[in-house]
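1. Would you be able to build a 3D model of this:
(one chain, ligands or ions: 2)
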Amino acid sequence: MNKPLTGNLAIVSGPSGVGKSTVIAEVLRRRPDLYFSVSFTTRAPREGEVNGVNYHFVDVPEFERMIAEGELLEYANYSGNYYGTSAKLIDEKLEQGIDVLLDIEVVGSKIVHDKRPDTPLIFIIPPSFEVLSQRLYGRGTDSEEVIQKRLDRAREELKEVPRYDYLVVNDRVENAVDEILSILRAEGCRTKKRIHLVEIEEE
Ligand code: ADP
Ligand code: 5GP
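-> Numbers count the residues shown, from 1 in each chain. Ligands and ions are numbered 1, 2, ... in the order given. Model prediction:
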């Protein structure tokens with residue numbers, strides 16, 4: 001038999017406040033073998049966020065050094081802050097056969113997809129724009145100005161939805177989690193991911 005292939009990469013995007021962190025935390029609880037890529041950001045930590053767990057919090061010169069030295073698989077500027085994914089950290093996991101999940105915005109998802117076209121793209125939408133706004137206010141972590149910026153950005157991001165492979169509605173967390181787990185499972189069953197299981201005789 002051939003050697004098993006590397007782990008699978010998948011991307012989750014969606015407007016700020018839609019519930020990505022909440023849904024992903026539950027996905028990881030149900031799939032503890034999955035590795036969630038912890039991004040680098042120049043944004044200030046929110047109350048309760050832990051360096052190295054939610055993000056690697058770095059300053060602008062350090063982030064710009066990482067860009068200059070080609071350490072990032074992708075990066076983007078979102079609401080005035082840098083966000084990016086370390087190529088080395090995720091490649092180490094993929095090479096070990098571990099599946100990796102990224103929570104990144106639409107610009108970054110396009111960069112990764114251009115570099116690695118097999119990567120499935122999953123977009124999470126709220127049941128309505130009204131509900132998105134309520135969730136952002138309800139979370140209570142951002143100022144009025146930041147929330148308005150994020151809602152404006154959300155309208156732009158929704159234009160990118162047709163580029164995504166899967167659309168998940170986060171009405172109830174359990175439903176969104178079930179759908180994401182099903183998508184990841186089906187992606188892992190793709191023939192090209194399992195071809196090593198088949199002994200094909202030469203004609
Ligand atoms: P994101 O990571 O996409 O910015 P969060 O996971 O921080 O969003 O969720 C934003 C707020 O919405 C949080 O207060 C969270 O508890 C709440 N939330 C997330 N999913 C749901 C849901 N399905 N129903 C109701 N509230 C939700
Ligand atoms: P937040 O500040 O709410 O944690 O995240 C803001 C946005 O940045 C979200 O849309 C999130 O998906 C995105 N994001 C988080 N990490 C990364 C990353 O490494 N790269 C890119 N391109 N976007 C990211």
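2. middle-most residue in the protein, spatially?
-> To find the centre residue of the chain, average its C-alpha atoms and take the closest one (CA atoms, centre = their mean): that gives Asp103, at 1.8 Å.
3. can you give me the helices in the chain?
-> With DSSP state H applied, the chain shows helices at 20-30, 60-68, 87-95, 106-115, 129-139, 144-158, 173-188, 191-194, listed in chain order.
4. among the helices and strands of the chain, which has the poorest mean pLDDT?
-> For the chain, counting by mean pLDDT, DSSP states H and E, helix 191-194 ranks last in confidence among helices and strands (a mean of 90).
5. how far is that helix from where the chain is centred?
-> Centroid displacement of helix 191-194 relative to its chain, using CA atoms, centre = their mean, to the nearest Å, is 23 Å.
6. Same question for stretch 161-180.
-> Averaged C-alpha coordinates place stretch 161-180 at 13 Å from its chain's average position (CA atoms, centre = their mean).
7. For the closest residue to ligand 1 within the chain, report the pLDDT, please.
-> The nearest approach of the chain to ligand 1 comes at Gly19, 2.8 Å away (CB to the nearest ligand atom). C-betas here are computed from N, CA, C, even on glycine. Each residue has a pLDDT score; the one for Gly19 is 97.
8. Gly7 contacts Leu101, correct?
-> No. Taking contacts as CB atoms under 8 Å, Gly7 lies outside contact range of Leu101: 10.3 Å.
9. From Thr42, how far out is the residue of the chain found nearest ligand 2?
-> Nearest residue of the chain to ligand 2, counting by CB to the nearest ligand atom: Gly108, 2.4 Å away. Distance of Gly108 to Thr42, computed by CB to CB, to the nearest Å: 14 Å.
10. thinking again about what came up before, got the contact list for the residue nearest to the centre of the chain?
-> Applying CB atoms under 8 Å, 6 or more residues apart in numbering to Asp103 gives the contacts 12-13, 20-21, 24, 36-37, 39.
11. so which of these would you say is closest to Glu179?
-> In terms of CB to CB, no member of the contacts of Asp103 lies closer to Glu179 than Val12, at 11.1 Å.
12. Run through the residues of this structure sitting next to ligand 2.
-> If contact is defined as CB under 6 Å from any ligand atom, the residues of the chain in contact with ligand 2 are 13, 16, 39, 43, 74-76, 78, 83-85, 103-105, 107-108.
13. ok, back up a step: so who does the nearest residue to the residue of the chain closest to ligand 1 once chain neighbours are set aside touch?
-> For Gly19, ignoring the flanking residues on the chain, the nearest one in space by CB to CB, 6 or more residues apart in numbering is Asn170 at 4.4 Å. With contacts defined as CB under 8 Å, 6+ apart, Asn170 is in contact with 14, 18-19, 23, 124-127, 176.
14. Can you say which of the residues you listed are buried?
-> Neighbour counting over those (16 or more other CB atoms under 10 Å) leaves 14, 18-19, 23, 124-126, 176 as the buried ones.
15. Can you tell me which of the residues you listed end up in strands?
-> Mapping the buried ones among the contacts of Asn170 onto strands (DSSP state E) picks out 124-125.
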